[in-house]
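Visitor: coords below, sequence missing:
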């Protein structure tokens, strides 16, 4: 008799899959995945399912977002525009972190979680999940500081779920990865 797979089994399978894909990206485009390597990755349909172009424009971002993939047409095959907050336009090595995180939402849509996005990004960069998460949170904190000083909007905080992130046992950063909605880092207290 075949074993009935559960939602937890599917979640674990996706997490293992995105980690394996991240390792493949690291081996093919690393160990120093930078701006030029990122463009090669975006053109590689083995790792990025749909066409994707990066633009530095906060217009398509919700308040508090660093980056988000916006679908261009009615079908995913029409491609995506990866909107990245202009704050990072002159920090291209850091844009890689933001785009890798959002690629999970682009590739897997609503099935992907923040944990999956962190797992993929960390593996692609050859980092631990904690190291990757720390860098994402550092960027979020910078945007928050700019916003609170009257500058441009943004900080990743307050995911569409309204969660504060406090007490998240996974240490996860909800910076996107849900596909259905705009993702924001929710790392209060972390």
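Guide: Nice, I can see it. Computed from a prediction, not measured in an experiment: that's the story for all the values here.
Visitor: now for the helix ranked longest in the chain, which elements pack on it?
Guide: With secondary structure taken from DSSP state H, the chain has its longest helix at helix 7-29. Contact partners of helix 7-29 among helices and strands, from 3 or more C-beta pairs under 8 Å, 6 or more residues apart in numbering; DSSP states H and E: helix 35-42, helix 92-108, helix 114-125. Where C-beta positions appear, they are placed from N, C-alpha and C, glycine not excepted.
Visitor: Find the centremost residue of this structure, please.
Guide: Closest residue to the average C-alpha location of the chain: residue 101 at 2.0 Å, with C-alpha atoms, centre = their mean.
Visitor: pretty sure it is in contact with residue 67, am I right?
Guide: Yes. In this structure, residue 101 sits in contact with residue 67. The criterion is C-beta atoms under 8 Å, and the distance is 7.3 Å.
Visitor: Count the residues that sit near the residue nearest to residue 44 when sequence neighbours are not counted.
Guide: Once flanking residues are discounted, residue 44 sits nearest to residue 28: 7.8 Å by C-beta to C-beta, 6 or more residues apart in numbering. Neighbour count of residue 28, defined by other C-beta atoms under 10 Å: 15.
Visitor: now swap in the one 4 residues further on and tell me
Guide: When neighbours are counted by other C-beta under 10 Å, residue 32 registers 10.
Visitor: The one 3 residues further on too?
Guide: Burial of residue 35 is recorded as 12 neighbouring residues (other C-beta under 10 Å).
Visitor: what's near enough to touch it?
Guide: Taking C-beta atoms under 8 Å, 6 or more residues apart in numbering as the contact definition, residue 35 lies against 92-93, 95-96.
Visitor: any idea how far it is from residue 140?
Guide: If you measure residue 35 against residue 140 using C-beta to C-beta, to the nearest Å, the figure is 21 Å.
Visitor: Much appreciated, bye for now.
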